[in-house]
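1. no sequence for this one, just the structure:
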């Protein structure tokens with residue numbers, strides 16, 4: 001319903017912040033962009049992982065030059081989707097691009113935020129066997145080569161039993177330092193700096 005709701009808000013003269021995905025059809029995107037231009041209203045598609053404190057802090061380290069340039073980035077989003085599907089039955093519709101558009105976009109965006117534009121992609125996918133009402137490819141390992149020369153990997157697992165720990169993680173290895181979770185190291189320092 002994002003297209004319908006965003007169009008209505010713009011027609012009512014409101015600025016809009018929309019979470020991803022902006023829309024699910026090209027025609028809706030074209031209508032939305034045209035209406036934004038026509039009304040002069042502000043429109044933002046928000047990507048929630050970019051606003052987490054630990055990722056904002058890591059981006060600050062990168063942008064400051066303290067840890068150098070990205071060499072390798074790894075981002076993950078690992079989420080047992082069974083409880084989500086029980087609470088939101090509309091997600092069971094097999095035509096919905098739930099896994100890549102609605103979920104894998106989080107770590108893919110995070111990797112690109114740190115390493116830049118992607119030049120090459122290869123991927124593997126399987127069915128984890130845990131989602132009887134949404135069988136099909138629901139686990140993804142995506143290998144990336146960025147235009148900057150950095151390489152990376154995105155792990156997006158949704159047909160799994162939830163492992164312990166955080167559902168999302170970031171690893172970043174740069175020319176002068178590295179970031180893993182809430183910790184970072186700078187070349188020459190023996191202990192991670194909190």
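-> Yep, it's here. Since we're looking at a predicted model, the values are computed, not measured.
2. Run through who's touching whatever helix or strand residue 58 lives in.
-> If you go by DSSP states H and E, residue 58 is part of helix 53-64. Under the contact criterion C-beta atoms under 8 Å, 6 or more residues apart in numbering, helix 53-64 has outside partners 49-50, 67, 70, 110, 113-114, 170, 172, 174, 177, 179, 181-182, 184. Glycine gets a C-beta too; all of them are placed from N, C-alpha and C.
3. Among those residues, name the buried ones.
-> For the contacts of helix 53-64, a burial check counting by 16 or more other C-beta atoms under 10 Å picks out 49, 67, 70, 110, 113, 114, 170, 172, 174, 177, 179, 184.
4. Which positions in the helix holding residue 58 come out as buried?
-> 54, 55, 58, 59, 61, 62.
5. Where does pLDDT dip in the chain?
-> 94-97, 190-194 (pLDDT under 70).
6. what's the distance between the residue nearest to residue 47 when sequence neighbours are not counted and residue 152?
-> Leaving aside its sequence neighbours, residue 47 sits nearest to residue 109 (C-beta to C-beta, 6 or more residues apart in numbering; 4.9 Å). Between residue 109 and residue 152 the distance, using C-beta to C-beta, to the nearest Å, works out to 12 Å.
7. closest to residue 76 among the contacts of helix 53-64?
-> residue 170 (8.0 Å; C-beta to C-beta).
8. for that closest one, helix, strand, or coil?
-> Taking DSSP: H, G, I helix; E, B strand; the rest coil as the rule, one finds residue 170 in the strand state.
9. Having no further points to raise, I will conclude here.
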